[in-house]
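Q: Below: sequence and its predicted model.
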Amino acid sequence: MNIALTQPTVGTAGRLDGKVALVTGSTSGIGFGIARSFASAGASVVINGFGKPEEIRDTIGTLQNETGAKAIYSAADMTKPDEIAGMVNFVLEAFSRLDILVNNAGIFHVGPVDQVPADKWDAVLAINLSSAFHTTRHALPAMRRQGGGRIINIASALGLVGLPLTSAYAAAKHGIVGLTRVVALETAEQNITCNAICPGNVWTPLAEAHIADQIQTRGLPREEVIRNILLAEQPNKRFAMVEEIGALAAFLASDAAASITGVALPIDGGWTAH
């Protein structure tokens, strides 16, 4: 039996020249770090998320001034399927293609499972999981038409293991890992890859705010809060930096990662090695 092999062209690892990337939830934190890495690698980027208009203008200006890449903004609400569809159409109208989709938008809720309000559960599942389904189903036809693409889902170490008081978030992130594997299988012969990145604790403004809250609540020194509470499950006892997540995403989006698909990659300091 003869099997025709189509070999993708492998360029410089991590270079994304001429590519167009959409990153949801990217006005700050991990999402912005990924958008910056893509822009630095030569891609045009579409950012999305909430924020004051002047802050978003500053974010776009920073991306363009630092990297020379083109950057535009979509205000689509990730809880609304119609707005998600409109966002993908907006990207295609602006650039006539969509090469890279990063599903990063997410929110968090902490509490015992029997005390999680139904509206909080619904919101976490809508933004962390359902939005990735909607973006993916609208992006795939364009990727197929242009002969390939990359989908990167930002899951979590909690997409691979459980942690008390995180029922909605962990359920959504486990769902993201499952969605990743199914999409990878369905697109395996179409030069489209789908992978999940599973961060542990990442240094962001939200992490800093959480540290301050725990210091006030528990009355403990800062270093003890960081080491024994926030990083209790993380063997290397350090936060990952958003630049580390961005660098991995840029590699997965590049031609050099053409054979990596359906994988959930931890970047968690050994958390899920237990």
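A: It's in. Treat the numbers as computed from the prediction; the structure is a model and nothing was measured.
Q: CA atoms for contacts and neighbours, from now on please.
A: Will do.
Q: Need the residues that contact the longest helix anywhere in the chain.
A: The single longest helix within the chain, with elements called by DSSP state H, is helix 167-186. Outside helix 167-186, the residues that touch it by Cα atoms under 8 Å, 6 or more residues apart in numbering are 107-113, 121, 124-125, 128-129, 132-133, 153, 155-156, 158-163, 192-196, 261-264.
Q: Using neighbour counts, give me the buried entries of the residues you listed.
A: 109, 121, 124-125, 128-129, 132-133, 153, 155-156, 158-160, 192-196, 261-264 (16 or more other Cα atoms under 10 Å).
Q: Next, count neighbours for residue 248.
A: Using other Cα atoms under 10 Å, the number of residues around residue 248 comes to 16.
Q: And it, how far from residue 208?
A: Note on residue 248: its distance to residue 208, by Cα to Cα, to the nearest Å, is 23 Å.
Q: picking that back up, okay, and which of the buried ones among the contacts of helix 167-186 map to strands?
A: Mapping those onto strands (DSSP state E) picks out 153, 192-196, 264.
Q: Pull the most distant pair out of those residues.
A: The largest separation in those, counting by Cα to Cα, is between 192 and 264 at 15.9 Å.
Q: following the least confident helix or strand in the chain by mean pLDDT, which helix or strand comes up?
A: Using mean pLDDT, DSSP states H and E, the weakest-scoring helix or strand in the chain turns out to be helix 205-218, at a mean of 86. Toward the C-terminus, helix 205-218 is succeeded by helix 222-225 as the next helix or strand (DSSP states H and E).
Q: Other residues contacting that next one?
A: 211-212, 214-215.
Q: Kindly recompute the last result at 7 Å.
A: Residues from elsewhere that reach helix 222-225 (Cα atoms under 7 Å, 6 or more residues apart in numbering): 211, 214-215.
Q: Measure how far that helix is from the centre of its chain, please.
A: 28 Å (Cα atoms, centre = their mean, to the nearest Å).
Q: And for the closest residue to residue 265 other than its chain neighbours, the neighbour number?
A: Once flanking residues are discounted, residue 265 sits nearest to residue 197: 4.9 Å by Cα to Cα, 6 or more residues apart in numbering. By the measure other Cα under 10 Å, the count of residues near residue 197 is 24.
Q: residue contacts, residue 197?
A: Contacts of residue 197 by Cα under 7 Å, 6+ apart are 153-156, 264-266.
Q: and which of the residues you listed is nearest residue 55?
A: residue 154 (23.6 Å).
Q: Does that closest one touch residue 195 like I think?
A: No: Residue 154 is not in contact with residue 195 according to Cα atoms under 7 Å; the separation is 8.7 Å.
Q: quick one: the residue lying closest to residue 161 once chain neighbours are set aside and residue 200, what's the gap?
A: Of all residues beyond its chain neighbours, the one nearest residue 161 is residue 272 (6.9 Å), with distances taken as Cα to Cα, 6+ apart. Shown here: residue 272 relative to residue 200, a distance of 9 Å by Cα to Cα.
Q: sorry, back to before: just checking, which of the contacts of helix 167-186 belong to helices?
A: 121, 124-125, 132-133.
Q: any idea how far residue 107 is from residue 233?
A: Counting by Cα to Cα, the separation of residue 233 from residue 107 is 20 Å.
Q: just checking, what packs against the host helix or strand of residue 58?
A: If you go by DSSP H and E, residue 58 is part of helix 53-67. The contact analysis (3 or more Cα pairs under 7 Å, 6 or more residues apart in numbering; DSSP states H and E) places helix 53-67 against helix 29-40, strand 71-74.
Q: Please convert those to CSV, extending it with distance to residue 240.
A: Shown next, in CSV, are those (distance: least, Cα to Cα, whole Å):
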stretch, distance to residue 240
helix 29-40, 10
strand 71-74, 26
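Q: deepest of those, which one?
A: helix 29-40 (a mean of 26; mean count of other Cα atoms under 10 Å).
Q: Next, the angle from that one to helix 53-67.
A: Calculated by axes from the mean of the first three to the mean of the last three Cα atoms, to 10 degrees, helix 29-40 forms an angle of 40 degrees with helix 53-67.
Q: What's the first helix or strand after helix 29-40?
A: Following helix 29-40 in sequence, per DSSP H and E, is strand 44-48.
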